[in-house]
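*Asks:* predicted model follows, preceded by the sequence.
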Amino acid sequence: MNEKPRALLGTVNPDREKELTSALEGEGYDVTKARSVQAMLDSMDILSSPPDSPPRRRFKWYIMDANLGLPGDGTYFPAQTIYQHVKSQVEQGLSNFMALTGREDVLRKVREKGMPCVLYVPDKPDLTELVGMIRQSQ
């Protein structure tokens with residue numbers, strides 16, 4: 001029996017959560033939802049130190065708001081916090097990471113830091129690019 005691939009979704013936006021959960025489940029993923037960086041770390045079973053320790057519970061996809069828990073802020077530190085834990089898995093092709101933002105300035109900053117990020121406009125979400133990446137990763 002094959003186990004479903006798992007995705008960890010971090011967002012505080014209920015509409016975004018619903019849309020992304022539907023898209024991921026439609027691609028055969030078991031989705032774990034988190035509404036804060038700490039909830040994501042807990043779902044990953046991260047030990048408190050060191051700050052870049054790999055997760056003991058791995059997901060195929062880590063998808064999150066770049067500013068998870070800091071709405072309206074132009075920061076990307078929540079995404080950077082999670083990415084530092086999964087970067088080696090992503091680089092080895094074992095997992096995938098995607099930050100989401102509705103702001104062009106945050107998109108630019110996140111990409112400058114070497115993290116994958118897509119623009120996700122709340123009023124007009126286009127999941128085509130993200131779903132395409134999910135399909136290619138299977």
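*Replies:* Right, received. Where do you want to start?

*Asks:* tell me how far the residue nearest to A39 when sequence neighbours are not counted lies from T21.
*Replies:* Spatial nearest neighbour of A39, chain neighbours left out: G10 (7.4 Å); criterion: C-beta to C-beta, 6 or more residues apart in numbering. All C-beta atoms are positioned from the backbone trio N, CA, C, and that covers glycine. For G10, the distance to T21 equals 12 Å [C-beta to C-beta, to the nearest Å].

*Asks:* mutual contacts of the two, please.
*Replies:* K33 (C-beta atoms under 8 Å, 6 or more residues apart in numbering).

*Asks:* helix or strand for the spatially most central residue of the chain, just tell me which one.
*Replies:* Central residue of the chain (C-alpha atoms, centre = their mean): I63, 1.7 Å from the mean position. Per DSSP states H and E: I63 is located in strand 61-65.

*Asks:* now for that strand, which elements pack on it?
*Replies:* Using 3 or more C-beta pairs under 8 Å, 6 or more residues apart in numbering; DSSP states H and E as the contact criterion, the elements in contact with strand 61-65 are strand 6-10, helix 14-26, helix 77-91, strand 96-101, helix 128-137.
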